[in-house]
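Undergrad: model this:
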Amino acid sequence: YYIAEKYSPAVIPNILYMTKVSRNVESAFLFVLGVNMRILTIEWMNYFSDRYSMNDTTRTMPLGRPILAKPKQTRVYSQAKISPDGNSVAYVTNELGQVKIYLQDLATGKRKRLSKRGQKLDRINDYSYPLLAWHPTGQILSWIYEKEGETFLVFYTLETGEKIEKPIFNFIKIIDYAYSPNGQSLVMSAVTKGQTDIFVYNIAGGGANQITNDIYDDLNPRFVNNGKDIIFSSNRLNDTLGVVDPDVHLNRYYDLFVYNWESKSNVLRRITNTPMVNELQAQPWDSTHFSFLGDKNGIRNRYVAHFDSAIAYIDTAAHYRYFATSVPITNYKYGILEQEIAPNAGKLSQIMYHDGRYYIYTETMPTFADLKPVKIKNTQYRDRVTELSKIEAELDSLEKIKQPQSQVPGQPMQIVKVEDPKTVVKDTGAI
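TA: Sure thing, here's the model as predicted:
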C-alpha cells in the first residue's frame, strides 16, 4: 500500500519482475525504487506515524488512576466488571494461554484470585473466554468458560467463597451476556447455526428464548427500562425481525436497536443510523439515559444518550419515529476497549491500551445534569475512511449508469435518475 501511494502502483510489477530475475528481493527494491530495504522500512514507518499521529492536543486521559499501577506487559487484561455497589472490580488476565480471574477491592487494593486455568505455552491464544457478569445484588459473580468444546456457567458467592458450576447447552459460542434486573435470567449474544443472535436464558430451567434469528450480527445485549426492553448493537439494515433479503450486502458498521421484551413485538426500534460509525456496548447510565461507545471521530469514546421521538407522518393517526439524542463526554487519546457501568453506585470501569500495556480505570459517574459535552476532532484515519467511502459511492453510481435497462416493447426506454454522487454518502454527525 505504501509503495503504491508514494511511488505509484505501476512500480509493483517491476519489483516482482526484478525479484524473479535477480532472485533477491532487496536488489529488486534497490534497482526499481533506488532505496534499500532498511531506508524503505524507515520511510514506511515515518509515513504512517505522521498520518496517524496525535494531531489534537485537546485529547485527554481518564481522570482516575488505573487499579494496577504497572500491569504486566505480557498479559492481556479483559472483562473488567465493576460490582453493582462499586466497591470491587473483577477482571480476567491471559498470559500465554494461562487464564486467571481476579477480584480486587478498590478501597484496600487487595486482590484475590478466583480461578486459574491452562498452562503458559507459546501458541495462538483464545481471548474470547472467560466472560464475567455480576448478579444485580452484588453478592454473586458469575463467569462462563469453555472446556473441551463444552460451555459452563460458574456462580461464585462472595460471602462464602462457594462455587456452583452448571453446563450450558445448545450454543456453539457465547460472545457476551448480562443479568436481568431481577437476576433470574441472562440476556446473551450467542452463536448457533453459524449465526450470532440474541437469547434470553432462564437460569433455573436452563431454557432459552431466541429473540433474533437471521444472518445479521447482534452484539452486547443489555436490559434497559427496568427489564422491559433489550438494547443491543447490530449490523442489520431493517428494523423488522424475520425479514431478510437473501442477496443483501452485510453492513460493516453497527447501530443500536431496542427490542421490547415485554410485548415481544417483532418490530425493533432503531435508535441510531450512522454510516461508517460503530455504536457498541450500550448500557444504562441511569433510569432514563444510556451510554455507549462510538468511534465517530476515529477513536472509541463514550457517549451518553436518551431516547427521543418525532412525528414521522400522519394519516388517521400520528406515527412516530424513534431515535437517540447523544453527546460525547470523553475525548481520549486512546480508544476505550471495554466499559462496565454500575448506575446504582454511580461508578464505571473501563479498559484502555496504551504504551504497550492494558490499563483498567475506574471513575465516578456524574449525573446527566452535571455532564459537560466535549468537542471531538476527527483523526486523519476517520477523514481517510470518509474520503474512501465517498469514492466508493461515486463508483457505484457510475456502475448504475452503465447498467443496461430492460425495455418493454411498444414503450419508450425508461431513464433511471441517478443521484448526485457527492450527496450519496451523508454523515451529518447527528445520532
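
Undergrad: Verify the stated contact: residue 228 with residue 264.
TA: No. When contacts are counted by CB atoms under 8 Å, residue 228 is not listed as touching residue 264 (11.3 Å). All C-beta spots, glycine's among them, are computed from the backbone N, C-alpha and C.

Undergrad: Just to be sure, residue 27 is in a strand?
TA: No. Residue 27 sits outside any strand when classified using DSSP: H, G, I helix; E, B strand; the rest coil, being helix.

Undergrad: In contact with it: list those residues for me.
TA: With contact set as CB atoms under 8 Å, 6 or more residues apart in numbering, residue 27 has these partners: residue 18.

Undergrad: low pLDDT regions in the stretch 51-200 of the chain?
TA: Scanning the stretch 51-200 of the chain with the threshold set as pLDDT under 70 gives 52-56.

Undergrad: can you rerun that using 80?
TA: For the stretch 51-200 of the chain, applying pLDDT under 80 flags the ranges 51-57.

Undergrad: Strands of that one, start to end?
TA: Listed in chain order, the strands of the stretch 51-200 of the chain (DSSP state E, counting those that start in this stretch) span residues 76-82, 88-95, 98-105, 111-117, 131-134, 140-147, 150-157, 163-168, 173-179, 185-192, 195-202.

Undergrad: of all these, which lies closest to residue 359?
TA: strand 76-82 (7.8 Å; CB to CB).

Undergrad: Can you spell out which helices and strands pack onto that closest one?
TA: Packed against strand 76-82 by the contact rule (3 or more CB pairs under 8 Å, 6 or more residues apart in numbering; DSSP states H and E) you find strand 88-95, strand 131-134, strand 336-342, strand 347-354, strand 357-364.

Undergrad: how about the ones you listed in TSV, adding distance to residue 392 and mean neighbour count?
TA: As requested, these are exported to TSV (distance: least, CB to CB, whole Å; neighbours: other CB atoms under 10 Å):
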stretch	distance to residue 392	mean neighbour count
strand 88-95	37	22
strand 131-134	36	22
strand 336-342	28	22
strand 347-354	30	20
strand 357-364	34	19
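
Undergrad: closest one to residue 399 among these?
TA: Per CB to CB, nearest to residue 399 of those: strand 336-342, 38.0 Å.

Undergrad: List the neighbours of that closest one that are in contact with it.
TA: 78-86, 281, 283-285, 291, 293, 300-302, 330, 348-353, 358, 365.

Undergrad: List buried residues within the residues you listed.
TA: Listed as buried from those are 78-84, 86, 281, 283-285, 291, 293, 300-302, 330, 348-352, 358, 365; burial here means 16 or more other CB atoms under 10 Å.

Undergrad: which other helices and strands contact the helix or strand where residue 3 lies?
TA: Assessed by DSSP states H and E, residue 3 sits inside helix 2-7. Here helix 2-7 touches helix 11-22, helix 37-51, going by 3+ CB pairs under 8 Å, 6+ apart.

Undergrad: Is it correct that residue 155 is in contact with residue 144?
TA: No. Assessed by CB under 8 Å, residue 155 is found out of contact with residue 144, at 10.8 Å.

Undergrad: Of these two, which one has the most company?
TA: In this view residue 155 and residue 144 are compared by other CB atoms under 10 Å, and residue 144 has more residues nearby, 21 against 15.

Undergrad: State the distance from the more buried one to residue 341.
TA: Look at residue 144 and residue 341: by CB to CB, to the nearest Å, they are 20 Å apart.

Undergrad: do the same with residue 45
TA: Applying CB to CB, the value for residue 45 to residue 341 is 38 Å.

Undergrad: low pLDDT regions in the stretch 301-431 of the chain?
TA: Under the criterion pLDDT under 80, the flagged ranges of the stretch 301-431 of the chain are 307-324, 392-393, 395-431.

Undergrad: sorry, back to before: can you add distance to residue 277 and give the helices and strands packed on strand 76-82 back as CSV?
TA: CSV is the format used below for these (distance: least, CB to CB, whole Å):
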stretch, distance to residue 277
strand 88-95, 28
strand 131-134, 26
strand 336-342, 15
strand 347-354, 20
strand 357-364, 24
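
Undergrad: For residue 26, which of these is the nearest?
TA: strand 347-354 (34.1 Å).

Undergrad: now what about the closest one, what contacts it?
TA: Contacts of strand 347-354 (CB under 8 Å, 6+ apart): 62, 77-78, 80-82, 86, 89, 302, 332-342, 358-365.
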